[in-house]
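Chemist: sequence and predicted model, in that order:
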Amino acid sequence: MNKVIRRYKFVLGILIFFLFIMICINMVTKIKVDKFRLIQDNIVSSEIEFKQAKENEFLKFKNDLLNNNVILDNIEYLDSDMVRFDINQNMYINDAYNFLEFLSNIPHLRINRINIIKNKLDYNLNISAEM
């Protein structure tokens, strides 16, 4: 009878030991999964902030152009973070030079095409760009 009790205690001890190991593994896995979810949430929120910053930058650029009486034509949203547009404007040479200098100082602006046509007194600028 004493041997049977010892065997049951031994088997019960082994089962408790494995249960403890399984609980530890479960906790470690849960902690890793929680860390992964936090990292994933941070990445998603960073992407959202980046898209909002680009949208705000485009709106600021558009407002700066409107303040200079320049209107964007053919605004085309290519995907969630890319905008293509045209600028058609008549300007005097000094204004055209200042405007092109203004465009060259905008960080995320990529100019695809510039056509400058000389009229009698002013210049006609046709610019195709992406942001």
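Modeler: Now that the structure is in, tell me what you want to look at. Numbering: from 1, shown residues only.
Chemist: quick one: the strands in this protein?
Modeler: 72-79, 82-91, 110-118, 123-130 (DSSP state E).
Chemist: could you export the first one as PDB, CA atoms only?
Modeler: Below are the C-alpha coordinates for strand 72-79, written out as PDB (Å, rounded to 0.1, in the frame of the first residue of the first chain):
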ATOM      1  CA  LEU A  72      -4.800  73.200 -59.800                       C
ATOM      2  CA  ASP A  73      -6.400  71.400 -62.800                       C
ATOM      3  CA  ASN A  74      -7.100  67.800 -63.400                       C
ATOM      4  CA  ILE A  75      -6.500  66.600 -59.800                       C
ATOM      5  CA  GLU A  76      -6.300  62.800 -59.900                       C
ATOM      6  CA  TYR A  77      -5.900  60.700 -56.800                       C
ATOM      7  CA  LEU A  78      -3.800  57.700 -58.000                       C
ATOM      8  CA  ASP A  79      -3.800  55.800 -54.800                       C
END
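Chemist: what pairs with it, parallel or antiparallel?
Modeler: Within its sheet, strand 72-79 is paired with strand 82-91 (antiparallel), according to DSSP bridges.
Chemist: centre-most residue in the chain?
Modeler: By C-alpha atoms, centre = their mean, the chain has its centre lying nearest to residue 50, at 3.5 Å.
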